[in-house]
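>>> I'll drop the sequence and a predicted model, then ask my questions.
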Amino acid sequence: MESQPSQERNEQPTKEVPHVLVMKPPPLLTLFEDKFISTKFQLLKAWESTLPLHQFLTTHAGSVRAVLCSGASPITPHIIQLLPSLQLVVTASAGINHIDLNECRRLGIAVTNAAGVFSDDAADAAVGLLIDVLRKISSADRFVRHGLWPATGDYPLGSKLGDKRVGIVGLGSIGSAVAKRLEAFGCTVLYNSRKPKPWAPYPFYSNVHELAVDSDALIVCCGLTAETRHMINRQVMVALGKQGIIVNVARGAIIDEKEMVECLVHGEIGGAGLDVFENEPSVPKQLLELDNVVLSPHRAVFTPEGFMAACDLVVANLEAFFEDEPLLSPLIDE
Amino acid sequence: MESIGVLMACPMNSYLEQQLEKRFKLYRFWTVPDKSSFLASHKDSIQAVVGNAGAGADAELIEALPKLEIVASFSVGLDKIDLAKCKEKGIRVTNTPDVLTEDVADLAIGLMLAVLRKLCESDRYVRSGKWKRGDYVLTTKFTGKKVGIIGLGRIGMAIAKRAEAFSCPISYYSRTEKPEIKYKYYPSVVELAAHCDILVVACPLTKETHHIINREVIDAMGPKGVLINIGRGPHVDEPELVSALVERRLGGAGLDVFENEPYVPEELFGLDNVVLLPHVGSGTVETRQAMADLVIGNLEAHFQKKPLLTPVV
C-alpha cells in the first residue's frame, strides 16, 4: 500500500486549501519548515511518499497549480507535462537554471525566484573569497593551526587588493553588490554583461575574454544558461594570466572545471575562490592539494537572515498567487 | 655611505637587507653569537638601527650604542622603540605610515568575513572530503553588522570606509572624540563593546592601551560578539580571551597578532569560530617593498642631511 503524503500539522486538509507541490525539499524548507505554514496553501510533499515520483504526480498532482522547486528538483518539460494544472513555479533560489523557462513561457506558467534577498550574502562571500585568496587567509590559518609558525618563521607574502582590476561577470543584483564593495577597497571595477547597464559607472566589455585580458581577477556572478555554460574556458583563463584569480559564487558549470583545474595545477592562473562546482558535492581531488585555492561547499547565501528573507518572499509569492494578487518577484523577460 | 654601520634587529625582508647591504655596512643582529660582546666591540661603528614590529630599540640597546643617530622602523607601530630615550638623546625615529594602511584595513575586513562566514572552516570541510548533499550549515551575515573601532587613526578610518560599503553602521572609541567625524563615539571601550557586533582593535600599543581588551570588555561583547585584532598582541589579555572563546562566552575572533609571537595558544587550534594569522597585516609583496623603500629613503635622507620622509621623533 502506498503511504499518504503528510498534511500540515495545524491545518485540517480541506478541498478549499490548495496544494503546493514539493518534489524534494529545498534547504529553505528543511531548515525553516515553520515559516511555510499558511492558511492560503498546504504543502504536497512528494518525497515522503513511497510511490516513484512519476506515479505520485499522476496520482496526486493533477490539480496542482503551484510547485516549489530548487536545484535538486528541476522543472523539466517532462515534469511540466505531468502537471496539467500548473500555473506557477516558485524557486527558493536566485538561480533559475534548473527551470525550463522556454517551456514555462510557452504554456503561460509564471515563475518567481528569490532574487535580491541573497545578494548581500553572495556579494559578501565573493569579496571574502577574493581577499582570502589574495592574502592567503585560509592557507595561513592552516599554517598557524599546524604549529608551523615557530618553526618556519614568516609566512609567504600575499598580494595587495587595492590596486587590482576586478572584472565582474554579470552585473545583476549580486554583481552590482560586489562592485559597490570592491570600490571601497580602491579596486578598479570592470564588467561584462549581456548588455551594458546604463546606471553602471564601470567600463563595459562585450565579451568575457576581453574582460579577462584587462583584469587581474574575475568574479563570476551571472546566471547559468546555454550561453554561459563553460563561458570561462581555457582561453579566458590564459587571458586572465598567471597572477589572475577567479572567484565563483554563481554556478559551477559556468567555468570549464576540468580546464580550470589544469590551469591551476600548471600555474596558468594564480588562484581561485570557489563556492560552486560542476558536480557538487564532488570536488576535483587536485584542488584539495592546492594552497592557492579556497573552497566552500555552496554556502555563499547560507545565513539565517538571508534564508528567512527568502522564506518570507516564497510564502508571499505563493499567497499572492492563491489570492489572485500580483506576484512579488516574477521573472521578467530581459 | 658604505662605512656607516646599520644594525638590523631581526630578519624582516630580504629586499630590504639587500638594499641596506648595497649602501651601508650592515650588521645582522640575529646572527651574532654573543650580543653583548658584539655591542661592546662595535659600539662606535653603529649609527643606525632598523627594527620592526618584533624587535626595535629599547633603552638598553640605545645606551649600548653611543654613536646611534637614527632608528628606522619597518612598521608603523612604535611600541618596540623607547621613544622617550630617543628624544632625550636626540636620536631620530622613523616608521612606515600610510603605505601599509590599506593592506591592514583589507585584512581586518578579510578577517571579519572569514570569521562570520566561516570561510576557513568551510575550506577545511571541503578539503576533508566530507561534503555530502544535505549538509546545511548557516553562517552569520556580515552586511549590516555594527562595527566598533578602537582607534580612529589612518587604519581605523580605512576600516570604517570599507565596512560602510557593506552597510555596517560604524562606531568608535578614541582618546578624544572627533567632532568632524560622523560615526558614533563612545567614551569607553566597554560601552563601545556593548553596542557593536564586531569590535576591531586599531590603535597604537602604549602603556594606556595595554590589555585594553580585558575581561570586562569581553563580557560586554557577549556570546555573539566578534573580536578582530590587527593591532598588537598585548592589546588583548590573551588568557582571558582564550578562556572566553573556549567557553563560548565570546562568539568568535579574528587574530593577526598575539602576546608572544610566534607562539599562539594551542587551545585555539581546535575552535571553528576563530581565524588565526601569523602577523601578516602588511604582508603583501607590494606593501613590503614600499615599506622597505621608505626605510631606505629615511636613512639616506638622514645621512645626506636632508629632511626625513616620515619622522616620528
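Alright, I've got the coordinates.
>>> For the rest of this, base every contact and every neighbour count on C-alpha atoms.
Will do.
>>> Look at residue B:287 and give its secondary structure.
helix (DSSP: H, G, I helix; E, B strand; the rest coil).
>>> next one: phi and psi at the closest residue to it other than its chain neighbours?
Leaving aside its sequence neighbours, residue B:287 sits nearest to residue B:100 (C-alpha to C-alpha, 6 or more residues apart in numbering or on different chains; 5.9 Å). Reported as degrees, to the nearest 10, the phi and psi values for residue B:100 are phi -110, psi 0.
>>> residues touching residue B:100, list them.
Contact analysis of residue B:100 by C-alpha atoms under 8 Å, 6 or more residues apart in numbering or on different chains lists B:76, B:282, B:287, B:291.
>>> what's around the last one, how many residues?
So the one you mean is residue B:291. As a burial measure, residue B:291 scores 24 neighbours (other C-alpha atoms under 10 Å in any protein chain shown).
>>> just to revisit the earlier point, quick check: the two most widely separated of the contacts of residue B:100?
The distance between the two most remote of the contacts of residue B:100 (C-alpha to C-alpha) is 12.2 Å, for B:76 and B:287.
>>> circling back to that earlier point, relative to residue A:92, how far out is the residue nearest to residue B:287?
Between residue B:100 and residue A:92 the distance, using C-alpha to C-alpha, to the nearest Å, works out to 43 Å.
>>> just residue B:166 next, same as before
When residue B:166 is compared with residue A:92 (using C-alpha to C-alpha), they lie 24 Å apart.
>>> Could you export stretch A:47-67 as CSV, CA atoms only?
Extracted C-alpha coordinates of stretch A:47-67, given in CSV (Å, rounded to 0.1, in the frame of the first residue of the first chain):
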residue,chain,number,x,y,z
TRP,A,47,9.4,12.9,-1.3
GLU,A,48,7.5,11.5,1.7
SER,A,49,5.6,9.1,-0.5
THR,A,50,6.8,5.6,-1.3
LEU,A,51,5.5,6.0,-4.8
PRO,A,52,8.0,6.8,-7.5
LEU,A,53,7.8,10.4,-8.5
HIS,A,54,6.1,9.8,-11.9
GLN,A,55,3.4,7.8,-10.3
PHE,A,56,2.9,10.1,-7.4
LEU,A,57,2.4,13.1,-9.8
THR,A,58,-0.1,11.3,-12.0
THR,A,59,-2.0,10.1,-8.9
HIS,A,60,-2.0,13.1,-6.7
ALA,A,61,-0.8,16.2,-8.6
GLY,A,62,-3.4,16.5,-11.3
SER,A,63,-5.0,19.7,-9.9
VAL,A,64,-1.8,21.2,-8.5
ARG,A,65,-1.4,24.8,-9.7
ALA,A,66,1.8,25.7,-8.0
VAL,A,67,5.2,24.0,-7.4
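>>> Is there contact, residue-wise, from it to chain B?
No - using C-alpha under 8 Å from any C-alpha of the partner chain, stretch A:47-67 never reaches chain B; the gap is at least 14.2 Å.
>>> Residue 206: neighbour count?
The chain I'm using is chain A. Burial of residue A:206 is recorded as 13 neighbouring residues (other C-alpha under 10 Å).
>>> Let me rephrase: I mean chain B.
Residue B:206 sits with 16 neighbouring residues when counted by other C-alpha under 10 Å.
>>> can you pull the contacts of it?
By C-alpha under 8 Å, 6+ apart, residue B:206 lies in contact with residue B:79.
>>> Kindly report the same for residue A:63.
Here residue A:63 is in contact with A:83-86 (C-alpha under 8 Å, 6+ apart).
>>> Give the helix, strand or coil label for it.
When states are read from three-state DSSP, the local structure at residue A:63 comes out as coil.
>>> how much space between it and chain B?
Distance from residue A:63 to chain B, counting by C-alpha to the nearest C-alpha, to the nearest Å: 30 Å.
>>> how about stretch B:191-211 as CSV, C-alpha atoms only?
As requested, the backbone C-alpha atoms of stretch B:191-211 are provided in CSV (Å, rounded to 0.1, in the frame of the first residue of the first chain):
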residue,chain,number,x,y,z
GLU,B,191,30.4,50.9,26.1
LEU,B,192,31.6,50.5,22.6
ALA,B,193,31.8,46.8,23.1
ALA,B,194,28.3,46.6,24.4
HIS,B,195,26.9,48.4,21.4
CYS,B,196,28.6,46.7,18.5
ASP,B,197,28.6,43.2,16.9
ILE,B,198,32.3,43.3,15.8
LEU,B,199,35.0,45.1,17.8
VAL,B,200,38.2,45.9,16.0
VAL,B,201,41.5,46.9,17.7
ALA,B,202,43.2,49.5,15.5
CYS,B,203,45.0,51.8,18.0
PRO,B,204,48.8,52.1,18.8
LEU,B,205,50.1,50.0,21.7
THR,B,206,51.1,52.2,24.6
LYS,B,207,51.1,51.8,28.4
GLU,B,208,47.5,53.1,28.3
THR,B,209,46.2,50.6,25.7
HIS,B,210,48.0,47.5,27.1
HIS,B,211,45.3,44.9,27.7
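>>> Just the buried positions in that stretch, please.
Buried positions in stretch B:191-211, judged by neighbour count with 16 or more other C-alpha atoms under 10 Å in any protein chain shown: B:191-206, B:210-211.
>>> Bridged to residue B:72, which residues?
On the basis of DSSP bridges, residue B:72 takes part in beta bridges with residue B:50, residue B:94.
>>> And it, how close does it get to chain A?
20 Å.
>>> list the contacts for residue B:35?
Applying C-alpha under 8 Å, 6+ apart, one finds that residue B:35 lies in contact with residue B:29.
>>> ok, now how distant is it from residue B:41?
For residue B:35, the distance to residue B:41 under the criterion C-alpha to C-alpha works out to 10 Å.
>>> before we move on, the earlier item: neighbour-wise, which of residue B:166 and residue A:92 wins?
For residue B:166 versus residue A:92, the count of surrounding residues by other C-alpha under 10 Å is larger for residue A:92: 25 against 22.
>>> What residues does the stretch 201-334 of chain A have near chain B?
Proximity of the stretch 201-334 of chain A to chain B (C-alpha under 8 Å from any C-alpha) is limited to residues A:280-283, A:288, A:294-297, A:299, A:302-306.
>>> and these, which of them are in strands?
Residues of these located in strands (DSSP state E): A:294-295.
>>> Would you show me how to pick out the buried ones of the residues of the stretch 201-334 of chain A next to chain B in ChimeraX?
What follows is the ChimeraX syntax selecting those of those that are buried according to 16+ other C-alpha under 10 Å:
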select /A:281,283,288,294,295,296,297,299,302,303,304,305,306
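>>> Now the two most distant members of the residues of the stretch 201-334 of chain A next to chain B.
Maximum pairwise distance among these (C-alpha to C-alpha): 30.5 Å, between A:288 and A:305.
>>> does residue A:111 count as helix, strand or coil?
Classification of residue A:111 into helix, strand or coil gives strand, according to three-state DSSP.
>>> just the residues of the stretch 201-334 of chain A next to chain B now: which is nearest residue B:50?
Minimum distance to residue B:50 across those is 36.0 Å, recorded for residue A:294 (C-alpha to C-alpha).
>>> pretty sure the closest one is touching residue A:132, no?
Yes - the pair residue A:294 and residue A:132 qualifies as a contact (C-alpha atoms under 8 Å) at a distance of 7.2 Å.
>>> Give the intersection of the neighbour lists for those two.
Contacts common to residue A:294 and residue A:132, judged by C-alpha under 8 Å, 6+ apart, are A:138, A:273.
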